[in-house]
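Enquirer: Next comes the sequence, and after it the predicted model I'd like to discuss.
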Amino acid sequence: MDLSQISGSNAVLVAIAVFIIICIFLGVRIVPQSEKHVVERFGRLKSVLGPGINFVVPFLDRVAHRVSVLERQLPSASQDAITADNVLVKVETSVFYRVTEPEKTVYRIRDIDGAIATTVAGIVRSEIGKLELDQVQSNRSSLIERVKEQVAAMVDDWGVEVTRAEILDVNLDDATRSAMLQQLNAERARRAQVTEAEGKKRAVELQADAELYQAEQQAKAKRVTAEAEAFATAVISAAIADNGLAAAQYQVALKQVAALESVAKGNGKQTILVPAQALEAFGNAFNMLKGK
């Protein structure tokens, strides 16, 4: 075997070795954890490669698309919407999603971000149109949940999963904001008037209760006095029944003495004229007391 034959056989071996190395390099695909690779064969979908080491047929299969499966956030978008009570609002939304089936994402939709943004805008307008402005403000959490559910159902054919749909803010135009501010001030004034009126009403009720209580106490005191006088009268009646006319005269004498005592009260400068009958009554009372 001459030198030329040896050189030719070595060249063939080297070529074969190079070919084998190229086949191995082209046939082995290492896919990162955060990606999925879409493989085509002669322009048609062949398979989807998951994370790790994968094998393809060299020169026949090629990786046509490298799709990230990480969660993505669409840029915040604003769209106009009209509530059920005809109030124009500007709604700011944000959507988070991730690709779950890359073959659908790359072959069924061209601009997945734009498609999701348009879908969200339409659903938000539709849902806000069913609610009044107060309901939009107070039921934002339930509104967000309904928007998320409808967006998830709409984008299912695109191989993506909507993880979050947020309504960041609901803004009003200047005219509506001014009108609502006036309404709020009027409501505050009305509540203040109601509170003041209720306070006055309560004060009147308390005053009436106090006067009623005072009248009841006075009536009770009069009733006690009347009962005491009735008891005294009963005692006197019993004494008269037992002692006859002397007990009655004795009581009359006591009354006359008490009357003279009240007449005698003064600062000492007045002149007191006592009738003879009064002196006689005083004497009779004294004699009766002495006799007693």
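Expert: Cool, the structure landed.
Enquirer: how about stretch 48-63: buried residues?
Expert: Buried residues in stretch 48-63, defined by neighbour count with 16 or more other CB atoms under 10 Å: 48-49, 54, 56, 61-62. Glycine gets a C-beta too; all of them are placed from N, C-alpha and C.
Enquirer: Just give me the closest of these to Gln73.
Expert: Each of those was scored against Gln73 by CB to CB, and Val48 proved nearest at 24.0 Å.
Enquirer: part of a helix, is the closest one?
Expert: No - going by DSSP: H, G, I helix; E, B strand; the rest coil, the assignment for Val48 is strand, not a helix.
Enquirer: residues in contact with it?
Expert: For Val48, the contacting residues are 36-39, 102-103, by CB atoms under 8 Å, 6 or more residues apart in numbering.
Enquirer: Now the buried members of those residues.
Expert: 36-39, 102-103.
Enquirer: Could you pull up phi and psi at the nearest residue to Ala115 once chain neighbours are set aside?
Expert: Closest residue to Ala115 apart from its sequence neighbours, by CB to CB, 6 or more residues apart in numbering: Ile109 at 5.3 Å. When read as degrees, to the nearest 10, the backbone of Ile109 gives phi -140, psi 140.
Enquirer: Next, format the buried residues of stretch 48-63 as TSV and append distance to Glu149.
Expert: Formatted as TSV, the buried residues of stretch 48-63 follow (distance: CB to CB, whole Å):
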residue	distance to Glu149
Val48	27
Leu49	32
Asn54	35
Val56	39
Asp61	39
Arg62	39
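Enquirer: where in the stretch 151-292 of the chain is pLDDT low?
Expert: 175, 177, 179-180, 232, 235-237, 239-292 (pLDDT under 70).
Enquirer: just checking, what's the longest helix in this structure?
Expert: Secondary structure assigned by DSSP state H gives helix 174-243 as the longest helix of the chain.
Enquirer: Now do that helix: which elements does it pack against?
Expert: With contacts defined as 3 or more CB pairs under 8 Å, 6 or more residues apart in numbering; DSSP states H and E, the packing partners of helix 174-243 are helix 245-264.
Enquirer: Correct me if wrong, but Ala15 is in a helix.
Expert: Yes - secondary structure of Ala15 (three-state DSSP): part of a helix.
Enquirer: taking the buried ones among the contacts of Val48 one by one, which sit in helices?
Expert: Per DSSP H, these map to helices at 102-103.
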